[in-house]
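Engineer: quick one, fold the following:
(chains A, B, C and D)
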Number of protein chains: 2
Amino acid sequence: MTNPASNPDVAPPGPRARSTRSKRSGSQLTPEAIIQASLRIAARGSADAFTVRRLGEELGADPTAVYRHFRDKDELLLEVADRTLGEVLDSIQAGLGWQDRIRALADGSLAVALKYPAVASAMASRTTRRANEFRVVELILGAVTEAGLRGAEAAVYYRMVGDSLLALVGQRAAYLLFSAEARAADESAWSREYRLVDPQAFPQITAVAEELAGVTQDAVYRVRVEALITAIEARVAQHR
Amino acid sequence: MTNPASNPDVAPPGPRARSTRSKRSGSQLTPEAIIQASLRIAARGSADAFTVRRLGEELGADPTAVYRHFRDKDELLLEVADRTLGEVLDSIQAGLGWQDRIRALADGSLAVALKYPAVASAMASRTTRRANEFRVVELILGAVTEAGLRGAEAAVYYRMVGDSLLALVGQRAAYLLFSAEARAADESAWSREYRLVDPQAFPQITAVAEELAGVTQDAVYRVRVEALITAIEARVAQHR
DNA sequence: CAGTGTTGTCAACACTGTTGCGCTCCGGGG
DNA sequence: CCCCGGAGCGCAACAGTGTTGACAACACTG
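Structural biologist: Numbering: from 1, shown residues only, chains lettered A, B, ... in the order given. Purely as a prediction, here's the structure:
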């Protein structure tokens, strides 16, 4: 009744001659394969990259088959995010002082977040509660402890660093996911509209309109990371 | 395209354009009414509160009627977000030092974000490019200038404060939108799973497991806000 | 060999934002 | 005065999203 063959064959995995036959021998779909496919499509960078149906395409299987291995998309997302956390941890070399460990964590997180923007954006307000997250917690706690904080204070400052880094890289990832025109509108805000503002009502903006246009995301990123370190140092110094 | 009424005129709610009356006699749908309805349903707090269809319900009209007044949902969202920014600004009293102005901005932003979580969560990585946002920029720029930063440095530190506050408040709002079970799983991570971790592999976590469970969101919030102020102070001190 | 549980497929459901068609009704030009 | 052009709105529908239940084919176990 409703149009049959509603799929104009965007990318069907070939005629069904193979479909019934390909079920052979155990399961060709494993949690690991699904996670790897998720990472691949998340690395493509487009905003709508990480959908269940696209995941099915990437796997060459029916999209709903994923639900045989993960309760829902959120559980898969957490697992995938934990893998990306692993990538971050692997990029951090040993033997660094606590400040450089935090810097390395931030740099690695940013790099991975820009590599898998769909994942990083979705995780900006989440915790994975999985293996690699514990390693990150251990890393940050070690840093603040080495800096000189103890007990409850170490716990609070760990959260400050962790939450701030998550938010920071999440923002950058979300920005990357914006459509081209949305990003252009954003750029124009900084580079054009601030120069056209009423000097009477907005003297501060007028005074630095030129410099506002010249601010780069990297400069903001660096200042935000250093702010975390400075906050720890200031708290430690206050103890003496 | 660009609405001429969007120029940064400090327009009180009194619409001088009586010409809107000439459209129709009966009680009609006006942009203002739509924005107010959006604020009402956003204040209900549930995650799926702010949908076009619910907005139609709230207005007692067909959902698609909204599209006669706003190009799409995103444009409406930006307008609504600008209203909430207005609420934040109105909550800041005059005559404060620059540190307290930033604290007041943070406190006001948090309060409003928790009042309209759906809006704050959606705006965590956005800019409105509307009237009230310019006022916020002016406020932060005034603070960092009063602190002693000039030119490009003032611009970068404004972005640091603005982006950080947006992210901070957005995280809190997003947490509020989580389902009850998702939040419970999150709580249990901090309060239970950290005590069950392997002491050999995670000595730092084991050492402060108890304190990790006791960290409150408010404590983290305060530390994060103070970190912004400390970062500015440290940069200023470095200048001498 | 029969039975049982796993795993992929398919159709369908409940949502979301959004668009095109048609109706109604007001305001202004003749 | 009338007509008519257009704006505001309702309705149906479309292309998406995540997710579920029924069914079929396979592997493994008794």
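
Engineer: name the helices or strands packed onto the strand or helix carrying A:Glu75?
Structural biologist: Mapping A:Glu75 onto the secondary structure by DSSP states H and E places it in helix A:73-90. Helices and strands touching helix A:73-90, by 3 or more CB pairs under 8 Å, 6 or more residues apart in numbering or on different chains; DSSP states H and E, are helix A:31-42, helix A:98-115, helix A:117-122, helix A:131-147. Just so you know, the C-beta spots here come from the backbone N, C-alpha and C atoms, and that holds for glycine as well.

Engineer: now tabulate these in CSV and tack on mean neighbour count, distance to A:Ser179 and mean pLDDT.
Structural biologist: Formatted as CSV, the helices and strands packed on helix A:73-90 follow (neighbours: other CB atoms under 10 Å in any protein chain shown; distance: least, CB to CB, whole Å; pLDDT from 0 to 100):
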stretch, mean neighbour count, distance to A:Ser179, mean pLDDT
helix A:31-42, 18, 18, 96
helix A:98-115, 20, 17, 98
helix A:117-122, 25, 13, 97
helix A:131-147, 20, 31, 97
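
Engineer: quick revisit: so the helix holding A:Glu75, near DNA strand C or not?
Structural biologist: No. Helix A:73-90 stays clear of DNA strand C (CB under 7 Å from any atom of the strand), getting no nearer than 12.8 Å.

Engineer: report the buried residues of that helix.
Structural biologist: A:73, A:76-89 (16 or more other CB atoms under 10 Å in any protein chain shown).

Engineer: restrict those to those near DNA strand D?
Structural biologist: Among the buried residues of helix A:73-90, DNA strand D is touched by A:Lys73 when using CB under 7 Å from any atom of the strand.

Engineer: closest to DNA strand D out of the buried residues of helix A:73-90?
Structural biologist: Closest to DNA strand D out of these is A:Lys73 (3.2 Å), distances taken as CB to the nearest atom of the strand.

Engineer: against which helices or strands is the longest helix along chain A packed?
Structural biologist: Counting residues, the longest helix found in chain A (DSSP state H) is helix A:151-177. Counting contacts by 3+ CB pairs under 8 Å, 6+ apart, helix A:151-177 is packed against helix A:98-115, helix A:117-122, helix A:131-147, helix A:217-238, helix B:151-177, helix B:209-214, helix B:217-238.

Engineer: re earlier: nearest to A:Arg68, of the helices and strands packed on helix A:73-90?
Structural biologist: With CB to CB as the criterion, A:Arg68 lies closest to helix A:31-42 of those, at 9.6 Å.

Engineer: got the angle between that closest one and helix A:73-90?
Structural biologist: Counting by axes from the mean of the first three to the mean of the last three CA atoms, to 10 degrees, helix A:31-42 lies at 80 degrees to helix A:73-90.

Engineer: now for helix A:31-42, which elements pack on it?
Structural biologist: Applying 3+ CB pairs under 8 Å, 6+ apart, one finds that helix A:31-42 contacts helix A:52-59, helix A:73-90, helix A:117-122.

Engineer: thinking again about what came up before, now distance to A:Arg159 too, for the helices and strands packed on helix A:151-177, in JSON lines please.
Structural biologist: Converted to JSON lines, these look like this (distance: least, CB to CB, whole Å):
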{"stretch": "helix A:98-115", "distance to A:Arg159": "14"}
{"stretch": "helix A:117-122", "distance to A:Arg159": "19"}
{"stretch": "helix A:131-147", "distance to A:Arg159": "9"}
{"stretch": "helix A:217-238", "distance to A:Arg159": "12"}
{"stretch": "helix B:151-177", "distance to A:Arg159": "11"}
{"stretch": "helix B:209-214", "distance to A:Arg159": "8"}
{"stretch": "helix B:217-238", "distance to A:Arg159": "5"}
